[in-house]
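Novice: Prediction below, plus the sequence it came from.
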Amino acid sequence: MINPKIENLIIKFLTNQASASELDELELWIQDSNNNLLFNTYVKINYAIEFNMRKFDINKAKDKLNEEIGNDKKVIKLKKIRQKIRYAAAITIGILATSYFFKGNLFDTSVDNGQKVTKTIEAGTDKATLTLDDGSIILLEKGDAYQTHNVSSNGEQIVYNDTEINTNNIKYNYLTIPRGGQFFIKLSDGTKVWLNSESQLKYPVCFKKGGARQVELVYGEAYFDVSPSTNHNGAKFKVLNQTQEIEVLGTEFNIKSYKDETNIYTTLVEGKVEINTSKGKQLLVPNQQSNLNITNNDISISVVNIKEVVSWVHGDFVFQNKPLKDIIKVLSRWYDIEIEIENKSLEDIKFNGELSKSQNLEEILLLIKNTNYINQYELNNKKVILK
């Protein structure tokens, strides 16, 4: 039996009315495994949630949110649900979807033997397609192993060994990451590369001894942790990418270069890189980002928040003053779904938020919807329409 005080905290949490101190208190209570079970059982009892929600002034809560939005210059905050509460409360989303409190359909439902079946859009996972130099294609998925004399994969990453080869016959592989996927690769020189959804990397099976180490980010987004040139007799590391070439000595940096975008963003985390384009060279220092417009090759340099740029590598989405139209691009790639904004005036509304990539799509859409700018949304097969 949950005591009235804790019950009150749970309802406040579910209706976004809990203060920071109340969230801390609820989080501490849920840490106990018995309480965790009580929490989930309580949430499953739908009538109890609906009954207690009537005790709260919903309009007052919405007015308070609108006031906060106005004070923050129209930048809306997407609150990151605390880790322990989020995992304990994962089941609540399905129940809230049927509650009278929310107007929109949060899930795609179909009828199976006379009963409604809920279909959720799950988060992306580790998967890739490996194309060998002879054209052979290997599917790499979590749980499936792939092994040859110089490469191994467990379905979550692929690792190449540094082996002696005929330097006159360099063989190249392609690693292609689909929408809804991500993958890690360790090249033969020890360089580590994290590849985001909808990306492709071309690289030699083994680098030519004595020559520059060169790979190509054909498209997409990649984070490089380059093995220092001092470990390879001074051999430099180069990344080719559309209309630019990046030369590094030993560093960590991120490149974002998607096929459906006209700008390439190169962000330096540490070390030193030189960007070469048809209009000259640009040197980046840590925390700087270059923005190359591929339509005219104009390039600009700015200081950026590194955490926001590379958050995807660490399993998060971090948005700072990010327009909704840019956010849905990120979500579309990771969840492999089309997202359309029906009311075009909403496209430039800006959000701040830090969310987990492991959350299902409905949890994130629910947070966006609760800003009151989005009245509802529809989920039809592989398409979401924000209204």
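Specialist: Perfect, I can see it now.

Novice: Count residues in the vicinity of residue 344, would you?
Specialist: When counting by other Cβ atoms under 10 Å, one arrives at 8 neighbours for residue 344. Every residue, glycine included, has its C-beta placed from N, CA and C.

Novice: What residues does residue 6 make contact with?
Specialist: Taking Cβ atoms under 8 Å, 6 or more residues apart in numbering, we find residue 6 in contact with 26, 29, 35.

Novice: Against residue 282, how distant is residue 214?
Specialist: In this view, residue 214 and residue 282 are 19 Å apart by Cβ to Cβ, to the nearest Å.

Novice: on that earlier part again, neighbour-wise, which one of the contacts of residue 6 leads?
Specialist: Neighbour-wise, the contacts of residue 6 (other Cβ under 10 Å) top out at residue 26, 23 neighbours.

Novice: Go ahead and confirm that one touches residue 7.
Specialist: No: checked against Cβ atoms under 8 Å, the pair residue 26 and residue 7 is beyond contact range at 10.7 Å.

Novice: Export the contacts of residue 6 as a markdown table, with columns for pLDDT, secondary structure and distance to residue 367.
Specialist: Shown next, in a markdown table, are the contacts of residue 6 (pLDDT from 0 to 100; DSSP: H, G, I helix; E, B strand; the rest coil; distance: Cβ to Cβ, whole Å):
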| residue | pLDDT | secondary structure | distance to residue 367 |
| --- | --- | --- | --- |
| 26 | 80 | helix | 18 |
| 29 | 84 | helix | 23 |
| 35 | 80 | helix | 25 |
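
Novice: Bridged to residue 238, which residues?
Specialist: residue 214, residue 247 (DSSP bridges).

Novice: Quick one: the helices in the stretch 251-387 of the chain, in order.
Specialist: 306-310, 324-335, 361-369 (DSSP state H, counting those that start in this stretch).

Novice: export those helices to CSV and tack on mean neighbour count and distance to residue 385?
Specialist: Shown next, in CSV, are the helices of the stretch 251-387 of the chain (neighbours: other Cβ atoms under 10 Å; distance: least, Cβ to Cβ, whole Å):
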stretch, mean neighbour count, distance to residue 385
helix 306-310, 18, 27
helix 324-335, 20, 11
helix 361-369, 21, 11
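
Novice: coming back round to it: closest one to residue 361 out of the contacts of residue 6, please.
Specialist: Closest approach to residue 361 among these (Cβ to Cβ): residue 26, at 24.9 Å.

Novice: tell me how far stretch 225-235 is from the chain's mean position?
Specialist: 30 Å (Cα atoms, centre = their mean, to the nearest Å).

Novice: Can I get that stretch in PDB, CA atoms only?
Specialist: Only the C-alpha atoms of stretch 225-235 are listed here, as PDB (Å, rounded to 0.1, in the frame of the first residue of the first chain):
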ATOM      1  CA  ASP A 225      39.600   9.400 -32.200                       C
ATOM      2  CA  VAL A 226      42.800   9.200 -34.300                       C
ATOM      3  CA  SER A 227      45.800   7.200 -33.400                       C
ATOM      4  CA  PRO A 228      48.700   9.700 -33.100                       C
ATOM      5  CA  SER A 229      51.100  10.000 -36.000                       C
ATOM      6  CA  THR A 230      54.000   9.400 -33.600                       C
ATOM      7  CA  ASN A 231      52.800   5.800 -33.400                       C
ATOM      8  CA  HIS A 232      53.100   5.400 -37.200                       C
ATOM      9  CA  ASN A 233      56.500   6.900 -38.100                       C
ATOM     10  CA  GLY A 234      54.900  10.400 -38.500                       C
ATOM     11  CA  ALA A 235      52.300   9.200 -41.000                       C
END
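
Novice: quick check, nearest of the contacts of residue 6 to residue 339?
Specialist: Using Cβ to Cβ, the contacts of residue 6 come closest to residue 339 at residue 26, 31.6 Å.

Novice: Which residue is the nearest non-sequential neighbour of that closest one?
Specialist: residue 9 (4.6 Å; Cβ to Cβ, 6 or more residues apart in numbering).

Novice: ok, the one you found - contacts?
Specialist: 18, 22, 25-26, 29.

Novice: Quick check: it is in a helix.
Specialist: Yes: Residue 9: assigned to a helix according to DSSP: H, G, I helix; E, B strand; the rest coil.

Novice: May I ask which helix or strand of this structure has the lowest mean pLDDT?
Specialist: helix 92-97 (a mean of 33; mean pLDDT, DSSP states H and E).

Novice: Alpha carbons of stretch 188-198, as CSV, please.
Specialist: This file holds the C-alpha atoms of stretch 188-198, laid out as CSV (Å, rounded to 0.1, in the frame of the first residue of the first chain):
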residue,chain,number,x,y,z
SER,A,188,43.9,-1.3,-38.5
ASP,A,189,46.1,1.6,-37.2
GLY,A,190,44.1,1.8,-33.9
THR,A,191,42.0,4.8,-34.9
LYS,A,192,38.5,4.6,-33.4
VAL,A,193,35.4,5.8,-35.3
TRP,A,194,31.9,6.0,-34.1
LEU,A,195,29.3,6.2,-37.0
ASN,A,196,25.9,7.7,-36.6
SER,A,197,22.7,6.7,-38.4
GLU,A,198,22.6,7.0,-42.2
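
Novice: Give me the mean pLDDT for that stretch.
Specialist: Across stretch 188-198, pLDDT averages out at 96.

Novice: Same question for stretch 313-323.
Specialist: Here the average pLDDT along stretch 313-323 is 91.
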